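**Q** just coords:
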């Protein structure tokens, strides 16, 4: 009985892998372990919460791809909270402190987060393939409503599948009184389960991603989309409602910009998949090897490295979004500015500036004000010219004793009425008094 219990304690379940007691009791190990886990988990929890908030609160961010990224962020949050934080308590106390219910619930949530994140990555990989390689099908298949239904199906499947762990783990107490959340039955019986998990939630998603991203790269780089303005823009808008990056002045991007936007999104998601493969490889390999060997490998520092890689995979995705996506970067910045009054003021001023340049009514009002100002300038100029002309006319009239006052009145009246139309084009009205003066001279003769 003692050997059976010992064999079960030597290989605890899932990512709560525990090292040997001799090393785990060292102060340097506890310090490094707690510091790394708190740092990575803290950054990951804040970043994934921001991803969920920006997609839920920003209308233009609600696209099918971003729906899958929200699902991935929730799964990563579950991994960080259910695996990272309990690991800190385990490192500090050296024993399991969450009891029987905690052992069952935390193990279930760990596997649920792991499997849901893998399925979410597979889902947005397939979505990107359809959107780029089959744009006609994407108009009906890649929609937000369909993405929500797929995500709901993914979580229902993983929730039901992971219920198996409620019957496979339990609290184990060693001869030295060390309490641990470990296997309920012999380790050999878990081999089919681990192999199934390894195949369904790691090997198959990676193989599928390699094939699909290879096909996507062939379309984007070897045979790019045609540069017809109407066709490219319409296809891009309709396929999964992914708005292209906007050009200067807020105008919609040209087909080249639309293609660049697709490449940018695809590169970002490909990096997420690559990091998922690399950061999960140490743990998956360790579990697979330990399932076949008689004496499992449980070096304390290597186990810490495996756990840190897992937590880093769940924490690094928001950093990738911020670094490789202009839309996510702007959304994160807007979410941050909403917490500061000056940020709100700048946002309001930007909106007002945009409205003043785009609103037809505002543009009409601006043009009306400019026209009024121009008319006032012309009228002032006309008044000065009229005053001078009237002075000269009065002088001529006094010399000629005002023989024809009606002609002078008519000339002055026409000069005051027409300048707003004729002065800018050449000053035709200036010649009119000269003609009247010539008539007066002929009459005087």
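**A** Structure received. On a predicted model such as this, the values are computed, not experimentally measured, just so you know.
**Q** any idea how far residue 138 is from residue 198?
**A** The gap separating residue 198 from residue 138 is 32 Å, by CB to CB, to the nearest Å. To be clear about C-beta, it is placed using only N, CA and C from the backbone, and glycine gets the same treatment.
**Q** out of the two, which sits in the busier spot?
**A** The neighbour comparison of residue 198 against residue 138 (other CB atoms under 10 Å) goes to residue 138, with 24 against 16.
**Q** how about the strand or helix carrying that one: buried residues?
**A** When elements are assigned from DSSP states H and E, residue 138 belongs to helix 135-141. Residues of helix 135-141 classed as buried under the neighbour-count rule (16 or more other CB atoms under 10 Å) are 135, 138, 139, 141.
**Q** pick the one among these closest to residue 91.
**A** Lowest distance from residue 91 to the buried residues of helix 135-141 (CB to CB) belongs to residue 141, with 46.5 Å.
**Q** which non-adjacent residue is nearest the closest one?
**A** On the basis of CB to CB, 6 or more residues apart in numbering, the spatially nearest residue to residue 141 that is not a chain neighbour turns out to be residue 130, at 5.6 Å.
**Q** that neighbour should be in a helix, yeah?
**A** Yes: checked against DSSP: H, G, I helix; E, B strand; the rest coil, residue 130 lies within a helix.
**Q** isn't it up against residue 140?
**A** No: the pair residue 130 / residue 140 is not scored as a contact, 10.1 Å apart, by CB atoms under 8 Å.
**Q** any regions of the stretch 1-150 of the chain where pLDDT drops low?
**A** 1-24 (pLDDT under 70).
**Q** all strands of it, in order?
**A** Read by DSSP state E, counting those that start in this stretch, the stretch 1-150 of the chain holds no strands at all.
**Q** all helices for it, in order.
**A** 2-10, 21-24, 27-57, 64-79, 85-93, 99-133, 135-141, 144-162 (DSSP state H, counting those that start in this stretch).
**Q** any chance of JSON lines for these, columns distance to residue 202?
**A** As requested, the helices of the stretch 1-150 of the chain are exported to JSON lines (distance: least, CB to CB, whole Å):
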{"stretch": "helix 2-10", "distance to residue 202": "24"}
{"stretch": "helix 21-24", "distance to residue 202": "27"}
{"stretch": "helix 27-57", "distance to residue 202": "20"}
{"stretch": "helix 64-79", "distance to residue 202": "14"}
{"stretch": "helix 85-93", "distance to residue 202": "21"}
{"stretch": "helix 99-133", "distance to residue 202": "7"}
{"stretch": "helix 135-141", "distance to residue 202": "26"}
{"stretch": "helix 144-162", "distance to residue 202": "14"}
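**Q** to residue 182, which of the ones you listed lies closest?
**A** It's helix 2-10; of those, that one is closest to residue 182 (CB to CB) at 5.1 Å.
**Q** domain parsing for this protein?
**A** 2-324, 373-444 (automatic domain parsing).
**Q** state the mean pLDDT of the last one.
**A** Right, domain 373-444. For domain 373-444, mean pLDDT rounds to 44.
**Q** and residue 293, what helix or strand is that in?
**A** Judged by DSSP H and E, residue 293 forms part of no helix or strand.
**Q** next, give phi and psi for it.
**A** Dihedral pair for residue 293: phi -80, psi 150, per degrees, to the nearest 10.
**Q** tell me the pLDDT at it?
**A** 84.
**Q** tell me where the model's unsure across the stretch 251-400 of the chain.
**A** Looking at the stretch 251-400 of the chain by pLDDT under 70, you get 251-258, 338-400.
**Q** ranges for the helices of it?
**A** Under DSSP H, counting those that start in this stretch, the stretch 251-400 of the chain gives helices at 255-290, 300-324, 326-337, 341-358, 360-400.
**Q** what's the farthest-apart pair in the buried residues of helix 135-141?
**A** The distance between the two most remote of the buried residues of helix 135-141 (CB to CB) is 10.4 Å, for 135 and 141.
**Q** thinking again about what came up before, can I get the buried residues of helix 135-141 in JSON lines including distance to residue 37?
**A** Formatted as JSON lines, the buried residues of helix 135-141 follow (distance: CB to CB, whole Å):
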{"residue": "135", "distance to residue 37": "44"}
{"residue": "138", "distance to residue 37": "41"}
{"residue": "139", "distance to residue 37": "45"}
{"residue": "141", "distance to residue 37": "41"}
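**Q** which ones are touching residue 293?
**A** Residues counted as contacts of residue 293 (CB atoms under 8 Å, 6 or more residues apart in numbering): none.
**Q** next one: phi and psi at the closest residue to residue 288 other than its chain neighbours?
**A** Leaving out its chain neighbours, the residue that sits closest to residue 288 by CB to CB, 6+ apart is residue 198, at 5.9 Å. Dihedral angles of residue 198 (phi, psi; degrees, to the nearest 10) stand at phi -60, psi -40.
**Q** can you tell me how far residue 198 is from residue 121?
**A** Counting by CB to CB, the gap from residue 198 to residue 121 is 16 Å.
**Q** and residue 95, how far from residue 197?
**A** 27 Å.
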